[in-house]
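**Q** Next come a sequence and a model predicted from it.
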Amino acid sequence: MMRRETGVIDEKGGTGNKNWDHCVTVRYTLSPDCPSLRASDEHGLIVRVLRARRTVWRLLSHPSKLALLSSPLLEGHPCWSKCGRRTRPSILIPLFRGVARLPFNARIERPLLYRGGSASKKGTCPLLSHPLRDKIRLHQYNAQPMATVDPAAPKQPLALPDRTLVAATVETLLPFKGRFKALTPLAGDASNRRYFRIESIGAAARPVILMQLAEPEAFKQSEEAVSGAAHQVTELPFLNILSHLSKAGVSVPRLYHYDQPAGLLYLEDFGDLTLSEACREASAADLEARYTQAVDALVQMQSKATSPADQNCLAFHRSFDVPLLMWEFDHFLEYGIEARQGKPMKDEGRREIRGAFEKIAELLAGQPRVFVHRDYHSRNLMVDNSRLGVIDFQDALMGPATYDLASLLRDAYIELDEALIDRLIDRYLDQMAAHRQVWINREAFRRLFDFTSIQRNLKAAGRFVYIDRVKGNPKFLADIPRTLGYVRRNLSKYPELFALRTQLAYYVPELG
């Protein structure tokens, strides 16, 4: 596999210290004017768009081969770079107006190092009819590499955990004594993991949650796209972030035991009552009290988990930068629009919408960064008597303070009254001020909150379609109208977003 590089090849063939702005991988078929390569070979082509609006096309052939593309367009611009321990030829194509045509037909296969974040069940883009130039967008951003695993369901259904192994673990390796009684499956989330409740008998026994990984080591990869500096992952992100949050005083489940070979984690049981369920029939006063507790828990997490920075924590090595925010916007375009309506967007419409999205991404990425849970909402907060437990935090990263707040208050699963949202935002700002993190201009903060909500809710709407089309799980589709309703209201609040709303409404009637 090709090692990620952080240098660029300049027009004189030298190398620099800048990072690649954008990377995609394409799969291609050869045309007659490229006779030096066999059409039967599988090749990957790396398209790298640089800040100076130049493109490097790097051919990745089989390890035993080196090949140089030949074309009149490419003559006079050969240069070489190293990929891992092998030296392979590269071609530098200066860009002046658009992307130069290549001597073969190509289609996007998957984004480089997204690890399978493509659309179809075969791992390829569902809209293969687009020419290559329609799929490549020039960015002025200094993008860090992003990575994600293929979150589609495992090829074979997970076998149930070995009950004999579980029983032996419960009776000999947990910090309390008990005799194994039962293993009950629990409703899962949108991930590839499975959950069970272990019941045991004994005076000191207590219920335990068993998390089963799809593959023992697969959970070292994020099921969401991530962006940030390269960082070697030596343990499960779940355990890494769990340790950091526990030290920060956040109410996260205690780890009783990790059976690494079996891919089984034995965790503290927070019960079955989510904040969403607890608020379903709650009075207005009780609902506000519960959400006030959730806001206070968020303040605790942001203030204590952000500083001092812990370089051993994976979250400090990845961030909500412009490329990641744009990846999420593009995820909505691919699934929330194209897959949902069954046809591609018009080139002009896509270009105009992405231009508006880039401005929002720049705004959000330019804010001071705090520790971000990334999925802080009512179904990931567990009501355990007077305690509010936080779960599903393994994708944490650094980002704007408004992200988790928008995730909580503009929740896809429960809609809050606008007056309550106003009070909860004031509560958040008051509590942050008590921790010496003061937002002087609260009106500016509210605008930032609304813009964050637009980005977050659009990504969620696209994700719900993705989970249906790729994972075969349609249960989140019913939440799309509520999620798009948030977007419509926020778009209508700001005159500068009127054009974006009009453009989106052409493809998404709910936004009109």
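**A** Perfect, thanks for sending it. Residues are numbered from 1 along each chain as shown.

**Q** how is the protein carved up into domains?
**A** By the assignment in automatic domain parsing, the chain contains the domains 22-143, 163-268, 275-511.

**Q** My guess is Leu245 contacts Val390. True?
**A** Yes. With contact taken as Cβ atoms under 8 Å, Leu245 and Val390 are classed as touching, separated by 7.1 Å. Every C-beta, even on glycine, is put in place using the N, C-alpha and C of the backbone.

**Q** Please enumerate the shared neighbours of those two.
**A** In the contact map built from Cβ atoms under 8 Å, 6 or more residues apart in numbering, the residues linked to both Leu245 and Val390 are 252, 301.

**Q** Check the domains of the chain for me: which has the lowest mean pLDDT.
**A** Ranked by mean pLDDT, the domains of the chain bottom out at domain 22-143, with a mean of 32.

**Q** where do the helices sit along the chain?
**A** 132-135, 163-172, 237-247, 275-278, 284-306, 322-331, 340-341, 347-365, 402-409, 418-434, 442-469, 480-493, 498-507 (DSSP state H).

**Q** how big is the angle separating the third one from helix 284-306?
**A** Which is helix 237-247. 100 degrees (axes from the mean of the first three to the mean of the last three Cα atoms, to 10 degrees).

**Q** Residues contacting helix 237-247, please?
**A** For helix 237-247, contacts defined as Cβ under 8 Å, 6+ apart pick out 211, 219-220, 222, 233, 252-255, 258, 265, 301, 305, 310, 312-315, 390, 393-396.

**Q** List the buried residues of it.
**A** When burial is assessed from 16 or more other Cβ atoms under 10 Å, helix 237-247 yields the following buried residues: 237-245.

**Q** Now flag whichever of those is closest to Arg463.
**A** The nearest member of these to Arg463, counting by Cβ to Cβ, is Pro237 at 18.8 Å.

**Q** okay, now Arg163: neighbour count?
**A** For Arg163, the number of neighbouring residues by other Cβ atoms under 10 Å comes to 12.

**Q** In contact with it, which residues?
**A** Contact criterion Cβ under 8 Å, 6+ apart gives 180, 183 as the residues in contact with Arg163.

**Q** Quick check: it vs Asp330, distance?
**A** Look at Arg163 and Asp330: by Cβ to Cβ, to the nearest Å, they are 44 Å apart.

**Q** Could you do Pro175 as well?
**A** In this structure, Pro175 lies at 46 Å from Asp330, with Cβ to Cβ as the measure.

**Q** The two: which has the busier surroundings?
**A** Relative neighbour count places Asp330 above the other of Pro175 and Asp330, with 18 against 10, counting by other Cβ under 10 Å.

**Q** Excluding sequence neighbours, find me the nearest residue to the more buried one.
**A** Leaving aside its chain neighbours, Asp330 sits nearest to Arg354 (7.6 Å; criterion: Cβ to Cβ, 6 or more residues apart in numbering).

**Q** Was I right to think that neighbour contacts Leu333?
**A** Yes. With contact defined as Cβ under 8 Å, Arg354 and Leu333 form a contacting pair (7.5 Å).

**Q** For the two, indicate the residue with more neighbours.
**A** Neighbours around Arg354 and Leu333, counted as other Cβ under 10 Å, are more numerous at Leu333. The numbers are 21 against 17.

**Q** how far away is that one from Met345?
**A** Counting by Cβ to Cβ, the gap from Leu333 to Met345 is 7 Å.

**Q** got the contact list for Ile425?
**A** Neighbouring residues of Ile425 by Cβ under 8 Å, 6+ apart: 405, 409, 445-446, 449.

**Q** count of residues packed around Cys313?
**A** 19.

**Q** returning to what we had before: just list the residues touching the residue nearest to Asp330, thanks.
**A** Residues near Arg354 by Cβ under 8 Å, 6+ apart: 137, 326, 329-330, 333.

**Q** Same check on Ala433?
**A** Applying Cβ under 8 Å, 6+ apart, we find Ala433 in contact with Trp439.

**Q** likewise Ser307?
**A** Counting by Cβ under 8 Å, 6+ apart, Ser307 touches no other residue.

**Q** And it, how far from Lys247?
**A** In this structure, Ser307 and Lys247 are separated by 13 Å, where distance is defined by Cβ to Cβ.

**Q** Check Phe445 too.
**A** Plainly put, Phe445 is 28 Å away from Lys247 if you go by Cβ to Cβ.

**Q** what's the answer for Pro474, then?
**A** Look at Pro474 and Lys247: by Cβ to Cβ, they are 39 Å apart.

**Q** same check, this time on Tyr291
**A** As judged by Cβ to Cβ, Tyr291 and Lys247 stand 26 Å apart.

**Q** and what of Phe329?
**A** For Phe329, the distance to Lys247 under the criterion Cβ to Cβ works out to 34 Å.

**Q** same question, Arg290
**A** 26 Å.

**Q** which stretches of the stretch 151-300 of the chain form strands?
**A** If DSSP state E, counting those that start in this stretch is used as the criterion, the strands of the stretch 151-300 of the chain fall at 179-185, 194-201, 208-212, 226-227, 255-259, 264-268.
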